[in-house]
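*Asks:* sequence first, predicted coordinates after that:
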Amino acid sequence: MTHILVIEAHPDAGRFSSALADAYADGAARAGAQVTRLALRDLRFDPILRGGFRGGQTLEPDLLSARAAIEAADHVVWVTPVWWGSLPALLKGFIDRAFLPGWAFENNGAALPKGLLAGRTARVISSMDSPWWWYWLKHGRAAHRSLIGSTLNYVGIGKVSETTVYVLRKLDEGARSAWIARAAADGARDAAG
């Protein structure tokens, strides 16, 4: 059985990100996956990595639990809005605090670090108000390049699928329902491997 962890990164419950996360999780569960949900807004932790990678900052219990959930997962789904062409501060703070050397990666003197979270796959489900052409041409897909290339691939997660909802503010209920259905289908497809 595939174990899927769905991480919701919107700081406000009940937004379209929540609906996408719900639909994905439901689709994956109906397809036979074991699904765990993690809403970052519900975790209690200091999002600031004080002192950088020098250490000394104790991980809060919620971060330790989140790490255990990532370790147990075969597939990690990140559901996030894209604001200002970037990731929400809550998600960036979670990554800064949880994805530390010795757990997510290790520097062993080689040109690139060794990713310690290898063997997992991922999906990024994102939404934004920008049109696709603006995000691609003006922003160079900055949030996706950061999350996928500079974080997930860096820690060893090599296969990452994407689902992106553009121009969210202009979508009517029918279009939103279609995206919800797509998220459920993505969940079922990912659960099947």
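*Replies:* Received the coordinates, thanks.

*Asks:* pull the residues that contact the lowest-mean-pLDDT helix or strand in the chain.
*Replies:* Lowest on mean pLDDT, DSSP states H and E among the helices and strands of the chain sits helix 132-137, with a mean of 93. By Cβ atoms under 8 Å, 6 or more residues apart in numbering, the surrounding residues in contact with helix 132-137 are 82, 85, 128, 141, 164, 166. (Each C-beta comes from the backbone N, C-alpha and C, glycine too.)

*Asks:* and the strands in this protein?
*Replies:* 3-8, 34-39, 75-81, 105-106, 114-115, 121-127, 159-165 (DSSP state E).

*Asks:* which residues touch the residue sitting nearest the centre point of the chain?
*Replies:* Centroid-nearest residue in the chain, with Cα atoms, centre = their mean: residue 78, separated by 2.1 Å. When contacts are counted by Cβ under 8 Å, 6+ apart, residue 78 touches 7, 9, 91, 122, 123, 124, 125, 147.

*Asks:* from residue 178, how far off is the fourth one?
*Replies:* Spelled out, it's residue 122. 23 Å (Cβ to Cβ, to the nearest Å).

*Asks:* what's the answer for the fifth one, then?
*Replies:* Counting by Cβ to Cβ, the gap between residue 123 and residue 178 amounts to 18 Å.

*Asks:* what does the third one give?
*Replies:* The spacing between residue 91 and residue 178, counted by Cβ to Cβ, is 25 Å.

*Asks:* and those two? Which one has more around it.
*Replies:* Using other Cβ atoms under 10 Å as the criterion, residue 91 and residue 178 rank with residue 91 on top: 24 against 13.

*Asks:* quick one: that one and residue 39 touch, right?
*Replies:* No. Here residue 91 does not reach residue 39: they are 11.5 Å apart, not a contact under Cβ atoms under 8 Å.

*Asks:* tell me, how many residues neighbour residue 110?
*Replies:* Neighbours around residue 110, by other Cβ under 10 Å: 8.

*Asks:* where exactly do the helices run in the chain?
*Replies:* 16-30, 61-72, 89-98, 132-137, 142-144, 173-192 (DSSP state H).

*Asks:* now tabulate the ones you listed in JSON lines and tack on distance to residue 50.
*Replies:* Below are the helices of the chain laid out as JSON lines (distance: least, Cβ to Cβ, whole Å):
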{"stretch": "helix 16-30", "distance to residue 50": "28"}
{"stretch": "helix 61-72", "distance to residue 50": "14"}
{"stretch": "helix 89-98", "distance to residue 50": "9"}
{"stretch": "helix 132-137", "distance to residue 50": "32"}
{"stretch": "helix 142-144", "distance to residue 50": "24"}
{"stretch": "helix 173-192", "distance to residue 50": "36"}
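
*Asks:* fine by me, thanks again.
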